[in-house]
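Enquirer: Here is my input; please provide its structure:
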Amino acid sequence: MTENLLSQIENPSDLRKLSENQLPQLAKELREFIIDIISQKEGHLGASLGVVELTIALHYVFNTPEDLLVWDVGHQAYGHKILTERRTLFHTNRDLNGISGFPKRSESIYDTFGVGHSSTSISAALGMAMASLLKNETEKQHIAVIGDASIASGMAFEGLNHAGVTNANLLVILNDNAIGIDPSVGALKNYLTSVKEGRNPKQNNIIKSLNFDYSGPIDGHDLPKLLSELRRLQNVKGPKFLHIITTKGKGLQLAEEDQVKYHAPGKFEAKTGKIHPKNEEGLPPKFQDVFGHTLVTLAKENSRIIGITPAMPSGSSMKYMMEALPERAFDVGIAEQHAVTLSAGMATQGMIVFCNIYSTFLQRAYDQVIHDVALQNLPVIFCLDRAGLVGEDGATHHGVFDIAYLSCVPNLILAAPLNEIELRNAMYTAQLGLHQPIAIRYPRGRGEIIEWQQPFEKIEIGKAKALKEGSKIAFLSTGTIGTNVTKAIVLCKQPEAVGHFHFPFIKPLDATALDVICKKYEKIITIEDGSIIGGFGSLINHYILEKKYAITVVNLGIPDTFIEQGSVPELQHICQIDVTNITNQINLLL
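Expert: Sure thing, here's the model as predicted:
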């Protein structure tokens, strides 16, 4: 029986002791190790399986961590983590107090740059390479590994454009598998396809035109070829570009066949890849599906409705409109800035645009929201999926800043529905013809209502709802975190003393309701699934201060720190916005 090589590798120094002909066996073991753990633990599978040979080759040829390696996005870095001193910890991947699902500087010297969002690797590695030149470290290598979906993003182009006029010792490796989370889109994807198929004349090479030493495309699963090409490039000075072709999900047949599903498949059978079926019968829907199905219903009735998503058709459930009305639904690729301004352009022509962007991804298009949409008062409808704590993806993906960064933007309405029915009605109301932009935020995961497909009702903009009257404490909530409040009030010492008011609109705030609450109640507690600083509670405090009401206010929400990975209940507990902590807070004030 062959000895297990992986168990002997603690770090890349051990890897470099192997002979080249042992590396294919190591690749097989590394794939099996990833499959075995992710099948039980969940996580990003396909991307890491696709770069097993590349990961081994990079750490074998280059002198990491002295040579600096940056993984774009980081979905594909599991093999890297396992080979860099985290094999015995890998089973804690994405757990509370475990290792992060993405490369992270504070976790390892081999993680040279923290990632989680796409298209940052070229700029980061170029910054490192230029710093090395200034420090006269001329032999140091700097490598950015980027996928074909990420390289189509504006920031990646900006990095390439700058790198081409430097003499920085930078190697950009394009891991081309024609897929990100969903299949890649756009003219650049078509260009790369023609290069792969040998249909593109050599003089048309877009990368060479940017002053890169271009080589490839080569088979990214051919270890000898990868090793010899990387060794050659080690000795080439200046900006270099290696184009490799890989298969996402390589080594697990079902993952190769359905690359979208196996990007992050949940739990599955390690040997066959068969996904363990989740019994979803009778469960409430995911908020993304409420959005997706509602959009199709509305768009069929209203021919001016358009759907736009930057590379998240599956994650946002925009795919339903893309299937039903393909001529009116657009995946623009990983291009959040473009998505927002494209929406603005369409809005100038009377289109009703639903622009669906994850809360953390809208951070990447903040100027466009202000300058291109709000300043011109264009009625774009932003649907912010993954708002609040998202769980295991951790600090890079928690949508906890949107209330703070959007509530200060003039002209913008900011809505946070309590449940699925309210989300539908917010979407319905928005498309009836608003004269200003609106952002509707909702969480990742399932709601709590099974019969959610109720007839549409128009909502009054800026109006709060009294869910329960009380005598002493008024609990003010916004968004789905209000369901925790409802449960907590039932459990507290004196439920009859606590009133609960839901604010579906953070902006405009319902001043009339606030005046009544401040005059009737002794104390107020606010809660939000977002940053306490600059959030919903801050707006309430500001109003109370302005009106000189003498009332005690306690703010609950996400504290002023980056929240790491863990399950949503665990993270809510840490932030003290879970049912138990809310109950304790009420009892304390009573």
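Enquirer: quick one, what contacts L375?
Expert: N411 (Cβ atoms under 8 Å, 6 or more residues apart in numbering). Bear in mind the C-beta positions are built from the backbone N, C-alpha and C, glycine included.
Enquirer: what about it, distance to A344?
Expert: 10 Å (Cβ to Cβ, to the nearest Å).
Enquirer: With P437 instead?
Expert: 9 Å.
Enquirer: more crowded one of those two?
Expert: Legend: neighbour count by other Cβ atoms under 10 Å for P437 and A344, higher for P437 (27 against 23).
Enquirer: Which pLDDT value goes with the more buried one?
Expert: pLDDT, P437: 98.
Enquirer: dump the residue contacts of it.
Expert: Counted by Cβ under 8 Å, 6+ apart, P437 has contacts 369, 373-374, 377-382, 411-413.
Enquirer: let's see 6 Å
Expert: 373-374, 379-380, 412 (Cβ atoms under 6 Å, 6 or more residues apart in numbering).
Enquirer: JSON lines please, covering those and showing distance to I146, pLDDT and neighbour count.
Expert: Shown next, in JSON lines, are the contacts of P437 (distance: Cβ to Cβ, whole Å; pLDDT from 0 to 100; neighbours: other Cβ atoms under 10 Å):
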{"residue": "V373", "distance to I146": "29", "pLDDT": "98", "neighbour count": "27"}
{"residue": "A374", "distance to I146": "32", "pLDDT": "98", "neighbour count": "20"}
{"residue": "P379", "distance to I146": "36", "pLDDT": "98", "neighbour count": "21"}
{"residue": "V380", "distance to I146": "30", "pLDDT": "98", "neighbour count": "32"}
{"residue": "L412", "distance to I146": "33", "pLDDT": "98", "neighbour count": "20"}
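Enquirer: quick one, strands of the stretch 1-150 of the chain?
Expert: Applying DSSP state E, counting those that start in this stretch to the stretch 1-150 of the chain gives strands spanning 68-71, 142-147.
Enquirer: for those, which one ends up most surrounded?
Expert: Each of these was scored by mean neighbour count; the highest is strand 142-147, a mean of 27, by mean count of other Cβ atoms under 10 Å.
Enquirer: Following the chain past that strand, name the next helix or strand.
Expert: Counting by DSSP states H and E, the element after strand 142-147 in chain order, helix or strand, is helix 154-163.
Enquirer: what does whichever helix or strand comes after that next one rub up against?
Expert: Counting by DSSP H and E, the next helix or strand C-terminal to helix 154-163 is strand 170-176. Residues outside strand 170-176 that contact it (Cβ under 6 Å, 6+ apart) are 51, 122, 125-126, 129, 142-145, 147-148, 163, 192, 233, 239-243, 245-246.
Enquirer: From the contact counts, what lies against the lowest-mean-pLDDT helix or strand in the chain?
Expert: Every helix and strand of the chain was ranked by mean pLDDT, DSSP states H and E. The lowest is helix 187-196, at a mean of 88. Using 3 or more Cβ pairs under 6 Å, 6 or more residues apart in numbering; DSSP states H and E as the contact test, no helix or strand touches helix 187-196.
Enquirer: Also compute the angle for it relative to helix 154-163, please.
Expert: If you take axes from the mean of the first three to the mean of the last three Cα atoms, to 10 degrees, helix 187-196 sits at 60 degrees to helix 154-163.
Enquirer: Can I get helix 187-196 in CSV, CA atoms only?
Expert: Extracted C-alpha coordinates of helix 187-196, given in CSV (Å, rounded to 0.1, in the frame of the first residue of the first chain):
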residue,chain,number,x,y,z
ALA,A,187,-17.5,39.8,-24.4
LEU,A,188,-14.3,39.0,-22.5
LYS,A,189,-15.6,35.5,-21.8
ASN,A,190,-16.2,35.1,-25.6
TYR,A,191,-12.7,36.3,-26.3
LEU,A,192,-11.2,33.8,-23.8
THR,A,193,-13.3,31.0,-25.4
SER,A,194,-11.9,31.8,-28.8
VAL,A,195,-8.4,31.8,-27.4
LYS,A,196,-8.9,28.4,-25.9
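Enquirer: Show me which positions of the helix or strand following it end up buried.
Expert: Proceeding N to C from helix 187-196, the next assigned helix or strand is helix 206-209, under DSSP H and E. Using 16 or more other Cβ atoms under 10 Å as the test for burial, helix 206-209 gives I207.
Enquirer: helix or strand right after helix 206-209?
Expert: In N-to-C order, the element after helix 206-209 by DSSP H and E is strand 213-219.
Enquirer: Let me see the mean pLDDT of that following strand.
Expert: Strand 213-219 shows a mean pLDDT of 95.
Enquirer: Same question for stretch 557-570.
Expert: For stretch 557-570, mean pLDDT rounds to 98.
Enquirer: Buried by neighbour count: which residues of it qualify?
Expert: Result for stretch 557-570 [16+ other Cβ under 10 Å]: buried residues 557-558, 563-566, 568, 570.
Enquirer: Over to stretch 448-459?
Expert: Within stretch 448-459, the residues that qualify as buried are 449, 452, 456, 459, counting by 16+ other Cβ under 10 Å.
Enquirer: What of stretch 106-115?
Expert: Buried residues in stretch 106-115, counted by 16+ other Cβ under 10 Å: 107-108, 110-115.
Enquirer: export the residues you listed to CSV and tack on pLDDT?
Expert: Formatted as CSV, the buried residues of stretch 106-115 follow (pLDDT from 0 to 100):
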residue, pLDDT
E107, 98
S108, 98
Y110, 98
D111, 98
T112, 98
F113, 98
G114, 98
V115, 98
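Enquirer: Please tell me how far P284 sits from G447.
Expert: For P284, the distance to G447 (Cβ to Cβ) stands at 5 Å.
Enquirer: For these two, indicate the residue with more neighbours.
Expert: Comparing P284 with G447 by other Cβ under 10 Å, the one with more neighbours is G447, at 24 against 17.
Enquirer: Span of stretch 158-177 from start to end?
Expert: 22 Å (Cα to Cα, to the nearest Å).
Enquirer: Which positions in that stretch come out as buried?
Expert: Residues 159-160, 162-164, 168-177 are the ones in stretch 158-177 that count as buried (16+ other Cβ under 10 Å).
Enquirer: my hunch is that C383 is in a helix, does that hold up?
Expert: No: C383 is assigned strand when assessed by DSSP: H, G, I helix; E, B strand; the rest coil, not a helix.
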